[in-house]
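Undergrad: give me a model of this one.
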Amino acid sequence: MAKKKVAANEDFFVNVPDPAPIKVALLECRKAILESMKIFRKFREIRKEKNEEKTKLRKQLREISSILNKMRAIMPHVNLPTEEIVPKESMKEEKQVSAQRAPKRTEIERIESELEDIERKLSTLG
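TA: Below is the predicted model:
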């Protein structure tokens, strides 16, 4: 048996019985690819803008830092008196006192609401 060699320049064709669904599928795939390329292009543009904004921010931060250092060099050093520090124990006592007052109010309000409910029931009965 002799085998035929296919030349590299020869075209090769295959008969497709119903090409319409295949064409539709190919067109849908091309559409999806083009949409993906469009999204990727937007992504690249956004990334480029982001990098540009980062470089602007770094430049501004360097300027602020240099201005702040100049200002510190110009301003005289002053020792400010420290404020009196309130002991933690006294703060805890104040919180406990206020916490004790709050439940009494809610308890009184609860009792008053129960009395009002009882008076309403009595008025409906009598």
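Undergrad: any idea where the helices of this structure begin and end?
TA: For the chain, applying DSSP state H gives helices covering 19-74, 88-125.
Undergrad: how near is the residue nearest the centre of the chain to residue 56?
TA: Centroid check for the chain by C-alpha atoms, centre = their mean gives residue 50 as the closest residue, at 16.7 Å. According to C-beta to C-beta, to the nearest Å, residue 50 stands 11 Å off from residue 56. The way it works is simple: take the backbone N, C-alpha and C, and place the C-beta from them, glycine included.
Undergrad: kindly report the same for residue 23.
TA: Counting by C-beta to C-beta, the gap from residue 23 to residue 56 is 50 Å.
Undergrad: equivalent analysis for residue 123, please.
TA: From residue 123 over to residue 56 the distance is 74 Å, taken as C-beta to C-beta.
Undergrad: for this protein, name the helix or strand with the lowest mean pLDDT.
TA: Least confident helix or strand, the chain: helix 88-125 with a mean of 73, by mean pLDDT, DSSP states H and E.
Undergrad: domains in the protein, by residue range?
TA: Using automatic domain parsing, the domains assigned to the chain come out as 19-76, 89-126.
Undergrad: between those, which gets nearest to residue 83?
TA: Ranking the domains of the chain by proximity to residue 83 (C-beta to C-beta) places domain 89-126 first, at 14.4 Å.
Undergrad: about what we covered before: in contact with the residue nearest to the centre of the chain, which residues are there?
TA: Applying C-beta atoms under 8 Å, 6 or more residues apart in numbering to residue 50 gives no contacts.
Undergrad: the helices of the chain into TSV, with extra columns for distance to residue 13?
TA: Formatted as TSV, the helices of the chain follow (distance: least, C-beta to C-beta, whole Å):
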stretch	distance to residue 13
helix 19-74	12
helix 88-125	90
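Undergrad: which among those is found nearest to residue 80?
TA: Closest among those, using C-beta to C-beta: helix 19-74, at 15.5 Å.
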